[in-house]
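S.K.: only geometry, no sequence info:
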């Protein structure tokens, strides 16, 4: 993981950790790197943003930094993260920036960079930007006159993206009544228009962003309102996005949540039935529910487990030629259509399957059985985090739990990549048993290294 760019870009509390000065310097350094790697003295760079109050400030800072070193900036306005990934290719841009902290509270923000391919900026380029920003490896140039970059606004950005996503669906949604929770985020500007275009009757929730209500008890991290709304209004189903709309979860007509594992099961089996699943394989993560791996086995699909994080899912897909993968959290990647997780594209694919089959989502979701799962987070000291893997008592406890669970369960103990935590996750058919074993393991870890 880089010093400035983590697994999902540079993030922090806006104007405190992610300051105007830092955003400006990221823009300057990125323009320098892009200019060096391009024959054009004025590389074209897109900037999209989510709806949090600090996004305008950071957009201005990034724009100033980029233009001051000669890059031309195309402002997309408030758009989902996958919009930037798509339009950077459509508009033949050299790079694309997304200003967002995804599902985090409004006071946080982040800067993520896409290459001209629509994929994450290569590590070497990120490291070069980091060295310029953090180590002053090179002085910032100060061109004048015609050497400065200019700014234009892409008035058709939202429509271009909506048209593309709508075009990935061959089966329309005519007659469907759906609820859409936009998390007061980026999908507030796209979702109603997209799903109405596809033929659905849309009932909108949390689609009026005010800068501070993004992800506030709504969206894919807070499903309660959507679950209640779908049942009370007798709708076919509901979908929820996070702040930057790169993930999607769903709710069936009974208000039951359909998480990323269920969405992947439904979509992968549909793709396989139509001979559109590359190598007949699905990429999940080590945190995917055990029921999902059993589903794959029972249906003749090859299940591949990547490390936690959509970037690692994508890396596995690109390395081995797979075209479908995702996470339980709702990051689902349809590589035939998109270079990143796209919540609205995922929802469109899922809804088209439901409508094509003329079935209820609850009935379709029965193709997978979810194993009870418990997750206990143990706060540990920095020293304890370093000693975790060498502690013989912890190792012995994990082996003991594995034996007790047998083939009907599993234990996964891993270090958090971002917090001083050890995460203890157990799955199994016996919910009381896995709760007891999870807490026993967590207590031991706390005693030894907490």
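M.R.: That came in fine, so what should we check first? Not measured: the values here are computed from a predicted model. Residues are numbered from 1 along each chain as shown.

S.K.: ok, the helix or strand where residue 74 lies: who's next to it in the sheet?
M.R.: Here residue 74 sits within strand 72-78, counting by DSSP states H and E. In the sheet, strand 72-78 lines up against strand 44-49 (parallel), strand 151-153 (parallel) (DSSP bridges).

S.K.: what's next to the shortest one, contact-wise?
M.R.: This points to strand 151-153. Applying C-beta atoms under 8 Å, 6 or more residues apart in numbering, the set of residues contacting strand 151-153 from outside is 63, 67, 72, 73, 74, 75, 77. Placement of C-beta: from N, CA and C, glycine included.

S.K.: mean confidence score for it?
M.R.: Here strand 151-153 scores 97 as its mean pLDDT.

S.K.: still on that earlier bit, between the strands paired with strand 72-78, which gets nearest to residue 224?
M.R.: strand 44-49 (27.8 Å; C-beta to C-beta).

S.K.: the strands in the stretch 1-150 of the chain, which residues?
M.R.: If DSSP state E, counting those that start in this stretch is used as the criterion, the strands of the stretch 1-150 of the chain fall at 10-13, 44-49, 72-78, 95-99, 108-115.

S.K.: just to revisit the earlier point, among the contacts of strand 151-153, which one has the most neighbours?
M.R.: residue 73 (25 neighbours; other C-beta atoms under 10 Å).

S.K.: Quick check: that one vs residue 32, distance?
M.R.: 15 Å (C-beta to C-beta, to the nearest Å).

S.K.: got it, and residue 219?
M.R.: Distance, residue 219 to residue 32, using C-beta to C-beta: 37 Å.

S.K.: Name the nearest of the contacts of strand 151-153 relative to residue 105.
M.R.: residue 77 (22.3 Å).

S.K.: show me what contacts the closest one?
M.R.: Residues near residue 77 by C-beta under 8 Å, 6+ apart: 48, 49, 153, 154, 157, 158, 189.

S.K.: Select, out of the strands of the stretch 1-150 of the chain, the one closest to residue 391.
M.R.: Closest to residue 391 of the strands of the stretch 1-150 of the chain, according to C-beta to C-beta: strand 10-13, at 31.0 Å.

S.K.: my read: residue 202 touches residue 180, true?
M.R.: Yes. Under the criterion of C-beta atoms under 8 Å, residue 202 makes contact with residue 180 at 5.7 Å.

S.K.: overlap in contacts of those two?
M.R.: 191, 192, 195.

S.K.: Can you turn the buried part of those into a ChimeraX selection?
M.R.: Entered in ChimeraX, the line below selects the buried ones among those, by 16 or more other C-beta atoms under 10 Å:
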select :191,192,195
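
S.K.: ok, the shared contacts of residue 202 and residue 180 vs residue 387, which is closest?
M.R.: residue 191 (46.9 Å).

S.K.: report the longest helix in the protein, please.
M.R.: Counting residues, the longest helix found in the chain (DSSP state H) is helix 431-449.

S.K.: So which elements touch that one?
M.R.: For helix 431-449, the elements it packs on are strand 373-379, helix 382-387, helix 392-405, strand 409-415, strand 421-428, judged by 3 or more C-beta pairs under 8 Å, 6 or more residues apart in numbering; DSSP states H and E.

S.K.: try 6 Å
M.R.: Applying 3 or more C-beta pairs under 6 Å, 6 or more residues apart in numbering; DSSP states H and E, one finds that helix 431-449 contacts strand 373-379, helix 392-405, strand 421-428.
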